[in-house]
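Colleague: 3D model of this:
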Amino acid sequence: MKLLITYNELQTLIQKKTGKAVRFQKAEDGNTVQVTYTVEVDVPLIGKISKDVAGIIKFNGITDTVLDVTYSLSMGLELVAKGIKTFLGEQIERTQLMKWGEEENQMLLFVDKIAEKLHVDNVDKLTKFIRITEVRAAESGLEIEADIRYDAMG
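Modeller: As a prediction, the model looks like this:
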């Protein structure tokens, strides 16, 4: 079976659940999505400054509910990400939402735990009956392929 989660739906979900306006669009290369977020900083004497920051996420595969991704960031963001990973890496992994992969910019995202944290209901029930086999970046959203788990149907 094929499912489509549009970028608009994903943006709306994140906005409603976190209050953050994150934008998604298919990136130029292969199975990748560009994620953009506007950062606002209050600078003394200058005032409020807004800057769009973006990164590219590549989908490498999924096993059960563990989504394997690698990311690419601009140099400035890359330094921030490395700092976060160095200083907060263990604490972030303890949330059980993700863990760092073998490659430098690789993350393993626990989709079921992230959905639970965002209060997206019934994902655990859904994944009991389907097995997600692939996540792809399409022009309009994320294409998800899944198989029905016939063994779970009794």
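Colleague: outside of the lengthiest strand in the chain itself, list whatever touches it.
Modeller: Looking across the chain with DSSP state E, the single longest strand is strand 47-63. Contacts to strand 47-63, defined as C-beta atoms under 8 Å, 6 or more residues apart in numbering, come from residues 27, 29-43, 67-74, 77, 106, 111, 132-137. C-beta here means a position set from N, CA and C on the backbone, and glycine is covered the same way.
Colleague: which residues of the chain fall in strands?
Modeller: In the chain, the strands defined using DSSP E lie at 2-6, 22-26, 32-43, 47-63, 66-73, 98-100, 106-110, 130-137, 141-148.
Colleague: for the chain, what helix or strand is lowest in average pLDDT?
Modeller: helix 123-129 (a mean of 77; mean pLDDT, DSSP states H and E).
Colleague: number of residues surrounding the nearest residue to Glu143 once chain neighbours are set aside?
Modeller: Residue nearest to Glu143 in three dimensions, not counting chain neighbours: Arg136, with 4.4 Å by C-beta to C-beta, 6 or more residues apart in numbering. Arg136 has 16 neighbouring residues, counting by other C-beta atoms under 10 Å.
Colleague: repeat that for Asn122.
Modeller: So Asn122, with other C-beta under 10 Å, has 9 neighbours.
Colleague: distance of it from Ile130?
Modeller: From Asn122 over to Ile130 the distance is 12 Å, taken as C-beta to C-beta, to the nearest Å.
Colleague: residues contacting the longest helix seen in the chain, please?
Modeller: For the chain, the longest helix by residue count, based on DSSP state H, is helix 75-94. With contacts defined as C-beta under 8 Å, 6+ apart, helix 75-94 is touched by Val53, Gly55, Tyr71, Leu73, Met98, Lys99, Trp100, Asn105.
Colleague: narrow the residues you listed to those that are buried.
Modeller: Using 16 or more other C-beta atoms under 10 Å as the burial test, these include Gly55, Tyr71, Leu73, Met98, Lys99, Asn105 as buried.
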